[in-house]
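Enquirer: Take a look and give me a structure for this.
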Amino acid sequence: MRKVLAAVLGAVFVLSIAGQAGLTSAATQVQLPRDETLYVGGGLWSQPNNFNPTVSWAAVTGTIGLIYETLFLYDPLKDKLEPWLAESGKWINGNTYEVKLKEGLTWQDGKPLTAEDVKFTFDYAKEHSGLSYSPIWGWLKEVKVVDSKTVDFIFSEPHYEEWKYWLYNIAIIPEHIWKNIKDPVNYANTKNPIGSGMYELYKTDQMRFILVRNDKWWGIKYYGKPAPKYIVYIIVYSNNLALSMLVKGDLDWSNFFIPGIPDVKSHYGIVTWFKDKPYHLGINTAFLFLNNQRGPLNNPEFRRALAYAINPNEIAQRAEQNQVTPANPTGLLVQYPVFKKIYDKNAVEMYGFSYDPKKADQILDKLGFKDINGDGYREYPDGKPLKLTIEVPYGWTDWMEMARVISENLQLVGIRVDPKFPDYSKYYEDITKGTFDMAINNFGSQVYATPWEWFNWLLYPDVTPIGKATYSGNWGRYKNDKVSELLHNINIEKDENKKIQYYHELQEIFLKDLPYIPLIYNGAWFEASTQHWINWPTADNPYALPISWQNYWQMGGLKVLLHIKPAKAPTVQTSTTSSGSITSSSTKTPTSTSTPTTTSKENKGICGPAGLLGLALLPLLLRRRK
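Expert: Model prediction:
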């Protein structure tokens, strides 16, 4: 097996060098010290050209977390909000939340970070309505500075659950810089962004960005200094290339879905969260969204028949190589304590389902869907052909296989389902406008500090009619006034026992109506090399969630940087020339060269395994599951 794997990886390496030869010869040789540089991939899919933390949907991963910081972190493994810029936070009465800041906070330009900056950050979103957190002013009344370290948030109607989410997702920005930015929505912030974080922007190009450690970071006296001096975050489009880079030690921290990991893990010492299957934690739920505004999918019993007919174990095996696990009938990520504490086991036992095609047949027969013409497929009760489609984006190969499995499963109970693989833009248009029969999606079903966010995405109450785009979830336009009422009650309720009661009611309604079908828990894809860095988090050493995707740095990624250690390898620099050859140097100081298409604080160079990135131009899309 090892000889076969070595041959395959060798072939991939040759192809990568060949691909590099086709790139522009304008690139010049540049270097960074390899034993001080951490190479990361899995959360960057286009040229890194936006470092604006106020428009989080457009910002490069790490903008929030590494450069700009939040008041709190959230640890999903412990279900704990942890003070970061804040020293503490608490409700001092029914509508006022008090935040006290740590001593000695500073911006990267040396100026102090104070309560005035916190107030400015929130007021800025009131002044500019298009920012990612501007909607908070629908229920936030005032932000009041008490003293240089204390801020009171006064609410017109406290949304307790939403507030938990924003505490670790709003990045504090420096007033002395941003007060001069008049159009923040369209501001890319690529020239010397100044935050408070442990890393600063060093350089960018078309295929990566480089951060350099902020050795004057305020947090050193609280948390210590992160070991990597440099972070190089790279684009890798091909799963074969990502695998090759990982086993060669040219990629240290991978958050890609890599199909070959089950085979190469034992041979190359790759670290994953679990030693054996499923290898990865679940991080979100892949749902089969059903269009509740189209017949027969608007019939809860028909939807239940589909649920009985679909085999999630087969999906996990065929589409994901058992690197994932089948979802619970509620879809809740019950492996995390925040979901486990609100999970209604009794409702699942009473109204849940499992793979049972015989029950699917019985329900369909009872509804009058029968094979009238003998072609092997059921027709409507009036004899019209019953044909449905299922959509996933072209190139998302594991989801494409999931769609094929579902199609085959449903054919076994006589339902014809044709998989459709449009390009991503058409797929996104279809789900947001509701112009689909069935579609697989997981865009907002991840772990949060509150299950309210999860339910509010899945069952979003203010859904638009078919044909008019909505971007807040509930793609199948499920409508239920009781669900809307429960979501509102949970958000404004302080009593935890009452909240749990409301959550149980939500789960019962979901299981009875079954508007959407939970399929699998998509993985928190994590693979790490120990050639240059060690002490990665695992199930046996679970100090952090090791994910570097956008908005996940403050959920574990920052802790990873504070815990990993150099593997004590000799000081060697890898570098790349325009021909794709790899050279080395013992110099520890980065070599300064001019590099086209870059933006930086200083004219310093890029280093690392860039010669392997030529193959990234191949249209083999490896993507993040978030």
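
Enquirer: in the stretch 101-250 of the chain, which spans are strands?
Expert: 140-147, 150-155, 199-205, 208-213, 230-234 (DSSP state E, counting those that start in this stretch).

Enquirer: Actually, the stretch 251-400 of the chain.
Expert: With DSSP E, counting those that start in this stretch applied, the stretch 251-400 of the chain shows strands at 253-254, 282-290, 325-326, 387-391, listed in chain order.

Enquirer: Quick one: those as a markdown table, columns for distance to Gly523, mean neighbour count and mean pLDDT too.
Expert: Where C-beta positions appear, they are placed from N, C-alpha and C, glycine not excepted. Listed next are the strands of the stretch 251-400 of the chain as a markdown table, based on distance: least, Cβ to Cβ, whole Å; neighbours: other Cβ atoms under 10 Å; pLDDT from 0 to 100:
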| stretch | distance to Gly523 | mean neighbour count | mean pLDDT |
| --- | --- | --- | --- |
| strand 253-254 | 12 | 28 | 97 |
| strand 282-290 | 6 | 25 | 98 |
| strand 325-326 | 9 | 18 | 98 |
| strand 387-391 | 21 | 19 | 98 |
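
Enquirer: Quick one, which of those strands gets closest to Asp462.
Expert: strand 282-290 (17.2 Å; Cβ to Cβ).

Enquirer: So which other helices or strands are in contact with the closest one?
Expert: helix 300-309, helix 397-411, strand 438-441, strand 516-523 (3 or more Cβ pairs under 8 Å, 6 or more residues apart in numbering; DSSP states H and E).

Enquirer: Tabulate the ones you listed in TSV, adding columns for mean neighbour count, mean pLDDT and distance to Lys100.
Expert: TSV is the format used below for the helices and strands packed on strand 282-290 (neighbours: other Cβ atoms under 10 Å; pLDDT from 0 to 100; distance: least, Cβ to Cβ, whole Å):
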stretch	mean neighbour count	mean pLDDT	distance to Lys100
helix 300-309	21	98	49
helix 397-411	20	96	45
strand 438-441	25	98	40
strand 516-523	26	97	37
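
Enquirer: and Gly219, which of the ones you listed is closest to it?
Expert: strand 516-523 (30.2 Å).

Enquirer: Specify the angle between the closest one and helix 300-309 in degrees.
Expert: Strand 516-523 and helix 300-309 are oriented at 40 degrees to each other (axes from the mean of the first three to the mean of the last three Cα atoms, to 10 degrees).

Enquirer: which helices and strands does the helix or strand that strand 516-523 is followed by pack with?
Expert: Sequence-wise, the next helix or strand downstream of strand 516-523 (DSSP states H and E) is strand 527-528. Contact partners of strand 527-528 among helices and strands, from 3+ Cβ pairs under 8 Å, 6+ apart: strand 253-254.

Enquirer: could the helices and strands packed on strand 282-290 go into a markdown table alongside distance to Ser196?
Expert: Shown next, in a markdown table, are those (distance: least, Cβ to Cβ, whole Å):
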| stretch | distance to Ser196 |
| --- | --- |
| helix 300-309 | 48 |
| helix 397-411 | 38 |
| strand 438-441 | 35 |
| strand 516-523 | 32 |
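
Enquirer: Go through the ones you listed and name the closest to Lys345.
Expert: strand 516-523 (15.6 Å).

Enquirer: And the closest one, what does it pack against?
Expert: Using 3+ Cβ pairs under 8 Å, 6+ apart: strand 516-523 touches strand 282-290, helix 300-309, helix 312-320, strand 325-326.

Enquirer: Next, the angle strand 282-290 makes with it.
Expert: 150 degrees.

Enquirer: quick one: strand 516-523 to chain centroid distance?
Expert: Computed by Cα atoms, centre = their mean, to the nearest Å, the chain-centroid distance of strand 516-523 equals 15 Å.

Enquirer: same thing with stretch 63-81?
Expert: That offset, for stretch 63-81, works out to 14 Å (Cα atoms, centre = their mean).

Enquirer: That one: end-to-end distance?
Expert: End-to-end span of stretch 63-81 (Cα to Cα, to the nearest Å): 20 Å.

Enquirer: how about the helices in the stretch 401-550 of the chain?
Expert: Secondary structure of the stretch 401-550 of the chain by DSSP state H, counting those that start in this stretch: the helices cover 424-433, 451-458, 481-492, 496-513.

Enquirer: For the longest one, name the packing helices and strands.
Expert: Counting contacts by 3+ Cβ pairs under 8 Å, 6+ apart, helix 496-513 packs against helix 300-309, helix 345-351, helix 451-458, helix 481-492.

Enquirer: Nearest approach to Asp437 belongs to which of those helices?
Expert: Using Cβ to Cβ, these put helix 300-309 closest to Asp437, at 11.0 Å.

Enquirer: need the contact list for the residue nearest to Glu161 when sequence neighbours are not counted.
Expert: Excluding the flanking residues, the one nearest Glu161 by Cβ to Cβ, 6 or more residues apart in numbering is Trp452, at 3.7 Å. Contact partners of Trp452, counting by Cβ atoms under 8 Å, 6 or more residues apart in numbering, are Glu161, Glu162, Leu487, Ile490, Asn491.

Enquirer: make it 6 Å
Expert: Glu161, Ile490, Asn491 (Cβ atoms under 6 Å, 6 or more residues apart in numbering).

Enquirer: and what of Gly89?
Expert: Per Cβ under 6 Å, 6+ apart, neighbours of Gly89: Val99.

Enquirer: Pull the number of nearby residues for Tyr471.
Expert: As a burial measure, Tyr471 scores 12 neighbours (other Cβ atoms under 10 Å).

Enquirer: any idea how far Val338 is from Ser88?
Expert: Per Cβ to Cβ, to the nearest Å, Ser88 is found 21 Å from Val338.

Enquirer: of those two, who's got more company?
Expert: Between Ser88 and Val338, Val338 has the larger neighbour count (other Cβ under 10 Å), namely 21 against 12.

Enquirer: Which residues are in contact with the more buried one?
Expert: Asp79.

Enquirer: again, but for Gln108
Expert: Gln108 neighbours (Cβ under 6 Å, 6+ apart): Ile194, Gly195, Glu200, Asn214.

Enquirer: okay, now the nearest residue to Ala58 once chain neighbours are set aside: neighbour count?
Expert: Sequence neighbours aside, Asn50 is the residue nearest to Ala58 in space, at 4.8 Å (criterion: Cβ to Cβ, 6+ apart). For Asn50, the count of nearby residues is 17 (other Cβ under 10 Å).

Enquirer: List phi and psi for Asn50.
Expert: For Asn50, the backbone dihedrals (degrees, to the nearest 10) come out as phi -150, psi 120.

Enquirer: any weak-confidence spans in the protein?
Expert: 1-30, 569-626 (pLDDT under 70).
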